[in-house]
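Trainee: Prediction below, plus the sequence it came from.
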Amino acid sequence: MSNVTDAHDPSARFAGTSPTSLGRISRQQQRFFVYLVAPSLAVLALITLLPSLYLLATSFTPLNLTRPETLWDFSQPLENYRQLSLDSRFLNSIWVQVKLSFWTVLAQLAIGLGLALLLNVRSRLLEALRTVFLIPMVLPPIVVAIIWKVIYTPDISPMHGIFRALGWNVPALITDPHWALTSIIIADTWEWFPFTMLMVLAALQMMPQELLDAAKVDGASPWQLTRYITLPFIRGVLLVAGLFRLIDSIKAFPLIFILTDGGPGSLTEVTNYYSYMQAFNFSYLGFSSAITVVLLAATLGLSWLIVRLVGWGARVD
């Protein structure tokens with residue numbers, strides 16, 4: 001009988017083992033885990049940490065591809081950052097980035113949350129609709145950009161054809177100063193709202209039904225169920241989805257490159273696109289690296305601030 005007990009009780013194997021032996025076993029396990037993780041950490045450091053350190057070092061140099069001698073010139077390490085503070089085009093790109101990130105993240109969270117709440121019903125028809133809604137997210141970004149390029153080009157656009165049939169004279173949105181940024185926001189929202197929808201829907205599927213049943217017994221209305229039960233429960237998921245979309249919106253590039261090329265003028269020129277232009281159009285790699293470092297620091301700082309203000313947890317009192 002004791003053999004059966006030992007087989008089902010892992011702690012019984014260590015009965016009579018001294019604390020010193022247990023400590024030695026624990027250290028051996030830790031060492032074993034370190035050996036397993038070390039190769040992955042080494043590869044991660046090689047492909048992320050080293051390039052990041054090189055980017056930081058380059059931002060302190062006036063590196064220019066037409067002047068190879070500037071590669072390790074650290075005589076004026078803060079010159080790039082000083083020029084950034086005086087660069088009106090860089091400051092404008094930050095403002096454009098703020099508007100793009102704010103509206104795309106807000107729209108994607110709102111649409112994704114609304115559709116997730118509507119689709120949170122066990123039905124074969126709704127399950128098929130969930131799959132359809134995921135199509136924009138799984139398309140390559142360059143394909144999405146080409147699709148919206150067609151939609152926004154008046155001569156071949158089915159949308160403009162419908163507008164003309166209705167007698168509406170709608171300008172080319174991606175070349176109109178008043179609509180260029182809005183057209184980018186619409187396209188980016190269409191591409192990525194399924195990400196939020198999928199995350200929220202997964203959280204809703206895991207929500208304990210007992211909470212909703214207890215609230216219904218107490219007479220809670222559908223709005224009260226959503227406001228006081230559902231939203232607090234999925235707050236952490238919404239935060240994670242919002243952070244992911246915020247970071248991705250700051251990396252927005254294919255849509256802007258294909259649709260507007262930063263124009264008209266610099267109305268859709270976000271910060272990372274401005275960094276791209278400085279590096280690949282003018283060969284100012286040092287200046288471009290400084291822009292990227294500032295953008296990275298701002299992203300990390302903003303993400304930390306959001307987490308501190310909103311919090312991860314989701315409590316239902």
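Mentor: Cool, got the structure. Numbering: from 1, shown residues only.
Trainee: dump the residue contacts of Trp103.
Mentor: Applying CB atoms under 8 Å, 6 or more residues apart in numbering to Trp103 gives the contacts Ile185. Glycine gets a C-beta too; all of them are placed from N, C-alpha and C.
Trainee: That one looks like it's in a helix, true?
Mentor: Yes - checked against DSSP: H, G, I helix; E, B strand; the rest coil, Trp103 lies within a helix.
Trainee: gap between it and Trp223?
Mentor: Distance of Trp103 to Trp223, given as CB to CB, to the nearest Å: 26 Å.
Trainee: can you check Arg82 too?
Mentor: Taken as CB to CB, the span from Arg82 to Trp223 is 53 Å.
Trainee: Which one of the two is surrounded by more residues?
Mentor: Arg82 (11 against 8; other CB atoms under 10 Å).
Trainee: Would you verify that that one is located in a strand?
Mentor: No - counting by three-state DSSP, Arg82 falls outside a strand, being helix.
Trainee: Contact partners for Pro62?
Mentor: Thr70, Asp73, Gln76, Glu79, Asn80, Gly286, Phe287.
Trainee: What residues of the helix or strand hosting the last one count as buried?
Mentor: Under the criterion of DSSP states H and E, Phe287 resides in helix 285-310. Residues 285-295, 299, 302 are the ones in helix 285-310 that count as buried (16 or more other CB atoms under 10 Å).
Trainee: How many neighbouring residues does Phe195 have?
Mentor: Neighbours of Phe195 (other CB under 10 Å): 18.
Trainee: how is this protein carved up into domains?
Mentor: 2-58, 79-310 (automatic domain parsing).
Trainee: Out of the ones you listed, which gets nearest to Leu65?
Mentor: For Leu65, the closest of the domains of the chain is domain 79-310, at 3.9 Å, according to CB to CB.
Trainee: now that closest one, how far from the centre of its chain.
Mentor: The gap between where domain 79-310 is centred and where its chain is centred comes out at 9 Å by CA atoms, centre = their mean, to the nearest Å.
Trainee: Not counting sequence-adjacent ones, nearest residue to Leu55?
Mentor: Ser289 (5.2 Å; CB to CB, 6 or more residues apart in numbering).
Trainee: mind listing what that neighbour touches?
Mentor: Contacts of Ser289 by CB under 8 Å, 6+ apart are Leu55, Leu56, Thr58, Ser59, Leu63, Asn80, Ala279.
Trainee: same deal with Ile147?
Mentor: With CB under 8 Å, 6+ apart, Ile147 has these contacts: Leu139.
Trainee: What of Ile94?
Mentor: Thr271.
Trainee: got the phi/psi numbers for it?
Mentor: phi -60, psi -40 (degrees, to the nearest 10).
Trainee: swap in the one 5 residues further on?
Mentor: Summarising the backbone geometry of Lys99 under the convention degrees, to the nearest 10, its torsions are phi -70, psi -40.
Trainee: Count the neighbours of it for me.
Mentor: That count, for Lys99 with other CB under 10 Å as the rule, works out to 16.
Trainee: Do I have it right that Asn92 meets Thr268?
Mentor: No - using CB atoms under 8 Å, Asn92 is not in contact with Thr268, being 10.8 Å away.
Trainee: between those two, who's got more neighbours?
Mentor: Neighbours were counted for Asn92 and for Thr268 using other CB under 10 Å; Thr268 has more, 27 against 17.
Trainee: Just the pLDDT at the closest residue to the more buried one other than its chain neighbours, thanks.
Mentor: Nearest residue to Thr268, sequence neighbours excluded (CB to CB, 6+ apart): Thr260, at 4.5 Å. For Thr260, the pLDDT comes out at 93.
Trainee: And Val240, by the same measure?
Mentor: Reading off the model, Val240 has pLDDT 89.
Trainee: Surely it and Met199 touch.
Mentor: Yes - using CB under 8 Å, Val240 is in contact with Met199, at 7.0 Å.
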